[in-house]
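**Student:** Any chance you can model this:
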Amino acid sequence: MLNVINLHGGPYSANSFLVFDDVSKEAALFDPAVSTDSFAEATEKMGLSLKYLVLTHGHYDHMITLNDFRAQYPDAVTAISVEDAICFEDPIRSCASFFSVPEFRSAKPEMILSEGSILTLGKEEIKVIATPGHTPGCLCFIFGEEMITGDTLFRDSIGRSDLPGGNSSVLFDTLARLVSLDTDYVIYPGHGDNTTLSRERKFNPFLREIK
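**Tutor:** Okay, the predicted model is just below:
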């Protein structure tokens, strides 16, 4: 069983989730927007080793401190979808220009993720599913009965589709797929509070009309 801690993020209130295995002490940081100091304070007490830096998608507000982490933890593997890897070099696609940081760039990722990819922490597995719409390469991550959804699905809301690369029709196809899942996943979204899939089916105004 994997453990999840929300370290919370930077000035844009993006969530940074630390997922770790108690046995192997291996850890993954999803959407690095938290400071490296805050991360070190949380992990050193538990003796964790950072194995992955994982991006749910390529928007700047979810990787504000990516370059800091890559410098401080050079052995950690940076992973993102092939469609959103362009965001590491294109400030328009990453929306870094939108956030008034047009100079943002990052080196190419060490790992490309796609539908069906698996990340391992010790003997535990994290399954990757492709969930495009907010961006072409948005990903969700499933482990046990928990899911990290990035900016695809929030408590009472969904990701916007009007930014570069967004597509509302594709996003609603993705949401229909999530609604059809059998498991009532605990959802860890890119912004805001945790929720569950059953709650969102019932109360999220964007999902109630999806059959």
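**Student:** how much space between the nearest residue to F141 once chain neighbours are set aside and I187?
**Tutor:** In space, and not counting its chain neighbours, F141 is closest to I148: 4.4 Å by C-beta to C-beta, 6 or more residues apart in numbering. C-betas here are computed from N, CA, C, even on glycine. From I148 across to I187, the span is 8 Å (C-beta to C-beta, to the nearest Å).
**Student:** residues in contact with the residue nearest the centre of the chain?
**Tutor:** With the centre of the chain defined as its mean C-alpha position, the nearest residue by C-alpha atoms, centre = their mean is T56, 2.9 Å away. Applying C-beta atoms under 8 Å, 6 or more residues apart in numbering, one finds that T56 lies in contact with 30-31, 62, 138-141, 148-152, 190.
**Student:** circling back to that earlier point, I148 and I187: which has the busier surroundings?
**Tutor:** Legend: neighbour count by other C-beta atoms under 10 Å for I148 and I187, higher for I148 (26 against 23).
**Student:** After the helix or strand hosting the more buried one, which helix or strand is next?
**Tutor:** Secondary-structure assignment from DSSP states H and E places I148 in strand 146-150. Scanning forward in sequence from strand 146-150, with DSSP H and E defining helices and strands, the next element found is strand 153-154.
**Student:** doesn't N6 make contact with S38?
**Tutor:** No: using C-beta atoms under 8 Å, S38 is not in contact with N6; the gap is 11.5 Å.
**Student:** Quickly list what's touching both of the two.
**Tutor:** When contacts are counted by C-beta under 8 Å, 6+ apart, S38 and N6 are jointly contacted by no residue.
**Student:** ok, then the element right after the helix or strand bottoming out on mean pLDDT in the chain?
**Tutor:** The least trusted helix or strand in the chain, going by mean pLDDT, DSSP states H and E, turns out to be helix 36-44, with a mean of 92. Downstream of helix 36-44, the next assigned helix or strand under DSSP H and E is strand 49-54.
**Student:** Show the subsequent helix or strand relative to that following strand.
**Tutor:** Going down the chain from strand 49-54, the next helix or strand is helix 66-72, by DSSP H and E.
**Student:** can you pull the buried residues of that next one?
**Tutor:** Neighbour counts using 16 or more other C-beta atoms under 10 Å place L66, F69, R70 of helix 66-72 among the buried residues.
**Student:** beta partners for the closest residue to the last one other than its chain neighbours?
**Tutor:** Okay, so that is R70. The shortest distance from R70 to any residue that is not its chain neighbour, by C-beta to C-beta, 6+ apart, is 6.3 Å, and that residue is T78. Applying DSSP bridges to T78 gives these bridge partners: L53.
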